[in-house]
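S.K.: Using only what follows, build the 3D model:
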Amino acid sequence: MIERVNTLSAGGPGWTRPSYSDLESAAHAMIEEEAIALGLTVTRDAAGNLFARMRGADPQAEPLYVGSHLDTVAEGGAYDGQAGVAGALALAAALRAEGRVPPADLVVVVTRAEESVWFPVSYAGSRAALGLLSREELQARRVDTQRSLADHMRDQGYDPEAVATLVPPPPARFLEFHIEQGPVLHMAGEAYAIVTAIRGGLRYRSARVNGVWAHSGAAPREGRADTVVAFSDLVMAMDRVWADMLAEGADLTVTFGRVDAASAAHAMAKVAGKLGFCLDMRSSDARLLDEADRRLRVEIARIEAARPGIRFDLGQQSRSKPAALSPAMADFVARGAAMRGDSPRRMLSGGGHDAAAFATAGWKSVMVFIRNWDGSHCPEEGMDFEDLALAVESVHNSLCGEGSP
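M.R.: Numbering: from 1, shown residues only. Below is the predicted model:
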């Protein structure tokens, strides 16, 4: 399934399937075809999230939803999202092959629009499924087309008006297989791990530095309002803030992403008068994000005071909430791992995932990380299929051997 889905991509290196695009819809159609072949009952909600249900022995028992997403970042990797969907299908396929009926309904989930690089909305698809997507968020504009999330939903045959009033399913259990996106498991030589919490994020996606255009040879150093220099001041200042907060025991990451001083007005012989950038700060504690944001603003005020003519405009802030995952569901996975003789570590997720949206909505939610290497959100993203199979086997053991938690 991973190989089939990855035949769908826009041009360029790696894999590009934008959120609410024809490519994402075609990938969902592939999963629907496979789910129907396995005898699962497929439905979609008003936002296009796919649910493929295998009936369990006890219709009153709490269902287990397992899945992930199929959209990617631009020029992303082969496994982010795809591996989680394939793992969910593999679990259903194993039960079918063995002639087993799970103790409760098993629902393969394929969400839409998990990657918030396309719309400035965290977990748009899963939050829509959970009745948490606001009308304001439905008007968020996609970065490449500048058309709204609602417009793109309509393009794919879905109903944003119905999304705004969607009645979510009763809280149940959600499990997401996903590559780690970091080096911990690879460096430790461990195939998979259990995730206990997911960092939240505070982002400025369209921040700017405004200064004064000047001639590169004629403007003296004193009195320049050079946006590149002012931005570099901020980068170094926030690197110090990050180090200080880590020393204070904080869980925090600080990342400056896109940096663009090459506007149409820019030239070799000019001091840059405008610069755009984005800033992404993450933590498992929302209060620490607030504190990092406060220190950011202190540093901006200091730089503006020291460099007359410089003004920062951070633009609109977007946030995703940190999410503590279910200890009971972590134990559920660990029991099946122990049946294999494994004792996977428990760890924090630095990246955001659909599992956070389900946890925030009151579901018993957990993630199982799969070892990966050569980075993530990039064409070099690596994963061993055997590692994914071991993780799926552990969940299979829990589901069939000990039943539901």
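
S.K.: List the contacts of stretch 221-234.
M.R.: Residues from elsewhere that reach stretch 221-234 (C-beta atoms under 8 Å, 6 or more residues apart in numbering): 209-212, 214, 259, 261, 271-275, 277, 299-300, 303, 306-310, 312. Quick note: C-beta positions are derived from backbone N, CA and C, even for glycine.

S.K.: And the buried ones among those residues, selectable in ChimeraX?
M.R.: The ChimeraX selection below is limited to those of those classed as buried (16 or more other C-beta atoms under 10 Å):
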select :209,211,212,214,261,271,272,273,274,275,277,299,300,303,307,309,310,312
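
S.K.: Next, check the contacts of stretch 221-234 against the strands and list the overlap.
M.R.: Using DSSP state E, the members of the contacts of stretch 221-234 that fall within strands are 209-210, 214, 259, 271, 274-275, 277, 312.

S.K.: all strands for the stretch 51-200 of the chain, in order.
M.R.: 64-69, 106-111, 173-179, 192-198, 200-210 (DSSP state E, counting those that start in this stretch).

S.K.: quick one: which of the ones in strands among the contacts of stretch 221-234 is nearest Asn49?
M.R.: Phe277 (33.0 Å; C-beta to C-beta).

S.K.: can you pull the pLDDT of Ser404?
M.R.: Looking at Ser404, its pLDDT reads 40.

S.K.: quick one: contacts of the lowest-mean-pLDDT helix or strand in the chain?
M.R.: Least confident helix or strand, the chain: strand 317-320 with a mean of 91, by mean pLDDT, DSSP states H and E. The contact list for strand 317-320 (C-beta under 8 Å, 6+ apart) reads 116, 120-123, 200-205, 289, 293, 352, 356.

S.K.: What pairs with the helix or strand just after it, parallel or antiparallel?
M.R.: As assigned by DSSP states H and E, the chain's next helix or strand after strand 317-320 is strand 323-324. Take DSSP bridges as the rule and strand 323-324 pairs in its sheet with strand 192-198 (antiparallel).

S.K.: what does the strand it pairs with rub up against?
M.R.: Here strand 192-198 makes contact (C-beta under 8 Å, 6+ apart) with 180, 184-185, 284, 322-325, 327, 330, 333-334, 337, 342, 344-349, 351-353, 355-356, 359, 366-371, 387-388, 390-391, 394.

S.K.: What of stretch 13-28?
M.R.: Residues outside stretch 13-28 that contact it (C-beta under 8 Å, 6+ apart) are 5-6, 8-10, 48, 50, 70-78, 110, 112-115, 118-119, 124-125, 142, 144, 149, 152-153, 155-156, 378-379.

S.K.: Which strand or helix spans Ala334?
M.R.: Ala334 belongs to helix 327-339, assigned by DSSP H and E.

S.K.: picking up where we left off before, what two of the contacts of strand 317-320 have the greatest distance between them?
M.R.: Farthest-apart pair in these is Tyr123 and Asp293; separation 21.0 Å (C-beta to C-beta).

S.K.: the more surrounded of those two?
M.R.: Using other C-beta atoms under 10 Å, the more surrounded residue of Tyr123 and Asp293 is Tyr123, with 27 against 17.

S.K.: What's the separation between the more buried one and Glu114?
M.R.: 6 Å (C-beta to C-beta, to the nearest Å).

S.K.: Identify the contacts common to these two.
M.R.: Shared contacts of Tyr123 and Glu114, defined by C-beta under 8 Å, 6+ apart, comprise 353-354.
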